[in-house]
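Asker: Just need the structure, nothing else, for what follows:
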Amino acid sequence: MVFVTAYDDHAVQAFEQAAVDYLLKPVSDERLARCVERLQQRSKAEPDALLARLQKLLAAAPPEKIQSLRWLRVQVGQSVRMVAVEEVCYFQSADKYTTVLTRDAELLLRTPLKELIEQLDAEQFWQVHRGTVVNARQIVSAHYDLLGKVSLTLHDRLEKIAVSKKFSHLFKQM
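Answerer: So this is what the prediction gives:
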């Protein structure tokens, strides 16, 4: 059995299921060839047939749906604080880190915002600026100034959140 996926976080489970190999998409020809060699050692099948079968599986495999992140583990001093993602008002990029802003706290997460965005539910968390992702459930209103710039008011935070032109279309109907 060979697991083929775009995500590396299922590898341990795959090998617990006696996987022969674990391929990460996109799969290079060289890596696919090594997989075929590994399969040949376990099977007496023709290498061309195995290669054709694997390529067919790779081409036909539908993209996997990632389960959205539900909890954040944030180090605070010598302890780790568990924060439910639904409690987050917004995320703000801070170089290689991300500031997590909740109703009552500002925490520093050691994950870049770019990586974090991929793990969040896109229906609940909207990117409104290159460095800002807002919990849509927190949005009370969108305000337009005289120049057409948009800023957001949130339920649980006092500060206004700037929306860049690139993302202002999200608030045309508000």
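
Asker: Can you give the distance of stretch 164-173 from its chain's centre?
Answerer: 22 Å (CA atoms, centre = their mean, to the nearest Å).

Asker: Stretch 27-42 now?
Answerer: With CA atoms, centre = their mean as the basis, stretch 27-42 stands 29 Å off its chain's centre.

Asker: same deal with stretch 53-60?
Answerer: Offset of stretch 53-60 from its chain centre (CA atoms, centre = their mean): 25 Å.

Asker: And for stretch 77-94?
Answerer: 15 Å.

Asker: What mean pLDDT does that stretch get?
Answerer: Per-residue pLDDT over stretch 77-94 has a mean of 93.

Asker: In this structure, what residue spans correspond to strands?
Answerer: Per DSSP state E, the chain carries strands over the ranges 2-5, 21-24, 71-76, 79-84, 88-94, 97-102, 106-109, 125-129, 132-135, 139-144, 150-154, 161-163.

Asker: from the ones you listed, which stretch is densest packed?
Answerer: When you average the neighbours per residue for each of these (mean count of other CB atoms under 10 Å), strand 132-135 leads with a mean of 23. (Glycine included, C-beta is placed from N, CA and C.)

Asker: which intervals of this structure have sub-threshold pLDDT?
Answerer: By pLDDT under 70, the low-scoring segments of the chain are 14-15, 43-47, 50, 61-66, 173-174.

Asker: quick one, domains of it?
Answerer: 2-60, 71-171 (automatic domain parsing).

Asker: if we can go back for a sec, closest one to Phe171 among the strands of the chain?
Answerer: strand 139-144 (3.9 Å; CB to CB).

Asker: How far away from the center of its chain is the closest one?
Answerer: Mean C-alpha position of strand 139-144 versus that of the full chain (CA atoms, centre = their mean) differs by 26 Å.

Asker: What lies in contact with it?
Answerer: By CB atoms under 8 Å, 6 or more residues apart in numbering, the list of residues contacting strand 139-144 from outside reads 150-155, 160, 163, 171, 174.

Asker: I'd like to know which of the residues you listed is nearest to Cys89.
Answerer: Closest approach to Cys89 among the contacts of strand 139-144 (CB to CB): Leu154, at 5.4 Å.

Asker: just to revisit the earlier point, among the strands of the chain, which is nearest Leu32?
Answerer: Comparison of the strands of the chain against Leu32 by CB to CB identifies strand 21-24 as nearest, at 7.2 Å.

Asker: so what strands line up beside the closest one?
Answerer: When sheet partners are counted by DSSP bridges, strand 21-24 sits next to strand 2-5 (parallel).

Asker: circling back: any chance of the strands of the chain in a markdown table, plus distance to Gln13?
Answerer: As requested, the strands of the chain are exported to a markdown table (distance: least, CB to CB, whole Å):
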| stretch | distance to Gln13 |
| --- | --- |
| strand 2-5 | 9 |
| strand 21-24 | 10 |
| strand 71-76 | 19 |
| strand 79-84 | 23 |
| strand 88-94 | 28 |
| strand 97-102 | 27 |
| strand 106-109 | 25 |
| strand 125-129 | 26 |
| strand 132-135 | 29 |
| strand 139-144 | 37 |
| strand 150-154 | 38 |
| strand 161-163 | 38 |
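
Asker: Cheers, nothing more for now.
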